[in-house]
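Asker: predicted structure and sequence below. I'll ask about it afterward.
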Amino acid sequence: MQCQVCSLVIVGQHHVRIAIRFYPGNFWHITDLHWDPTYNLTDNPELVCASSGTRPAANAGKFGDYACDSPWLLINSSVYAMKNILPDPDFILWTGDDTPHVPNEDLGEEAVLHIISSLTHIINQVFPNTKVYPALGNHDYHPKSQLPSPLLNRTGFRMLVLNTNLYYDQNKATQDMDDPAGQFSWADQVLTEAANNKEKVYIIGHVPPGFFEKKRNKPWFMPSFNKLYLDLIQKHHSVILGQFFGHHHTDSFRMFYNSEGSPISTMFLSPGVTPWKTSLPGVTDGANNPGIRVFEYDTQTLLVKDVVTHYLNLTRANAARGRWEKEYRLTESFRVPDASPASMHQALERIASSRCYLQKYYEFNSVSYDLTECNSDCRVDHVCAAREVDFDRYEHCLEKEGTAAIYGVFLPVLSMAVSLVFANW
């Protein structure tokens, strides 16, 4: 439906009313469902699910446990919550990672195909008339992370689906290649054609470039591929209106800038459905509440207007009746006019400079699971991960923000000491 917004502009002594047309649309983004078919409530917390590894699922309930990947009831609940919240989206982005976090020998090709087939079936059953744009995750192949070539070359309305598992630092099959499967060359050609045809593009994938905000100096891409991805965005940013990825299970975003430092593109990292607590060394309590996300956009320009995240508080859901609820709306929580690169840059600057906005972002990052304080080191990790996708610039950011954090902590103390000295003279 067309919505016409009028703004009043004063020109000299005359009032001129300018009509600005906005054509609203919306779509779902779901990612990292990680269904664990072994999930089963038992009296032994060590035997609840295979995905917990050696960790006991001490608080397991019917909707899951933070030590485990998703039981089927959580998968079913998330898809039907989507139908209840937004029953007729323009399309659905589904950015992969469907199988549980278990060793390759405990999974197998047949199990992978069964899991992906089951998830495809329920999404198609609940949204039979909705177009779904899927992207493979690193857990959607057997053995996991070892993907030799991209199979999802689609254009459509210029939805560019990338198999970024090719660039994953765990993918030994591509580590010695310059351009695995020629995907960078192909993407450059698609984006060039889009520019020539005056088309706009969304890019979707699973594994994102840059660094994990919950573990310092943890990249996902191999360095050469990270640079090639950055080059691609900087070259074609004028036609790219949004990038949508998963993999982290967390709620975050990444900014891209031109050589003058102006924001040119934003990558939105949507939270996962699985509540699984990461086993990545160095990450403290890295679980999350299950999350799903609606993007509101202008159907004529593809400008992202707003982001609304819905979630299931797993603890409350297991104790009572599971109820999905709105967690936050981007424009309201961060006081920005839309979700354009300029607005997301503004949001990032507020997060970087305001303890209030930083804490708000930090709690959203785990989908309202981790409500502890984000201290100075935490601030540096999150701000630099969001601000700098480039490896060298990320390192520089750590140094700069780390120094600022030190002075931010100690300067007030120093000032107080100086005041006391002068007071005693």
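Answerer: Right, received. Where do you want to start?
Asker: could you pull out the strands for the stretch 51-200 of the chain?
Answerer: 91-94, 131-134, 159-161 (DSSP state E, counting those that start in this stretch).
Asker: quick one: list the elements packing against the shortest one.
Answerer: Read it as strand 159-161. Strand 159-161 makes packing contacts with strand 131-134, helix 183-196, strand 201-204 when contacts are defined by 3 or more Cβ pairs under 8 Å, 6 or more residues apart in numbering; DSSP states H and E. For glycine as for every other residue, the C-beta is placed from the backbone atoms N, C-alpha and C.
Asker: rounded mean pLDDT for it, please.
Answerer: Taken as a whole, strand 159-161 has an average pLDDT of 93.
Asker: again, but for stretch 333-353
Answerer: 98.
Asker: list the contacts of that stretch.
Answerer: 253, 255-256, 263-266, 268, 295, 303-307, 330-331, 357-358, 360-361, 364, 379, 382-383, 386-387, 401 (Cβ atoms under 8 Å, 6 or more residues apart in numbering).
Asker: swap the cut-off to 6 Å and go again
Answerer: Outside stretch 333-353, the residues within contact range by Cβ atoms under 6 Å, 6 or more residues apart in numbering are 255, 263-266, 304-307, 330, 357-358, 361, 383, 386.
Asker: helices of the stretch 151-300 of the chain, start to end?
Answerer: 183-196, 223-236 (DSSP state H, counting those that start in this stretch).
Asker: pick the most buried one from the ones you listed.
Answerer: helix 223-236 (a mean of 18; mean count of other Cβ atoms under 10 Å).
Asker: contacting residues for the residue lying closest to residue 164 once chain neighbours are set aside?
Answerer: Nearest residue to residue 164 in three dimensions, chain neighbours excluded: residue 205, at 4.1 Å (Cβ to Cβ, 6 or more residues apart in numbering). By Cβ under 6 Å, 6+ apart, residue 205 lies in contact with 135, 162, 164, 245.
Asker: okay, the helices and strands packed on strand 159-161 in CSV with mean pLDDT and distance to residue 397 next?
Answerer: Listed next are the helices and strands packed on strand 159-161 as CSV, based on pLDDT from 0 to 100; distance: least, Cβ to Cβ, whole Å:
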stretch, mean pLDDT, distance to residue 397
strand 131-134, 93, 32
helix 183-196, 95, 25
strand 201-204, 96, 24
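Asker: mind checking which of those is nearest residue 106?
Answerer: Smallest distance to residue 106 across the helices and strands packed on strand 159-161 (Cβ to Cβ): 24.4 Å, for strand 131-134.
Asker: in its sheet, what does the closest one sit against?
Answerer: strand 91-94 (parallel) (DSSP bridges).
Asker: give me the residues contacting the strand it pairs with.
Answerer: Under the contact criterion Cβ under 6 Å, 6+ apart, strand 91-94 has outside partners 27-30, 130-134, 204, 244.
Asker: chain center to it: distance?
Answerer: 14 Å (Cα atoms, centre = their mean, to the nearest Å).
Asker: stretch 222-233 too?
Answerer: With Cα atoms, centre = their mean, you get 18 Å for stretch 222-233.
Asker: cool, and stretch 46-61?
Answerer: 26 Å.
Asker: equivalent analysis for stretch 250-262, please.
Answerer: Worked out by Cα atoms, centre = their mean, stretch 250-262 lies 13 Å from the chain centre.
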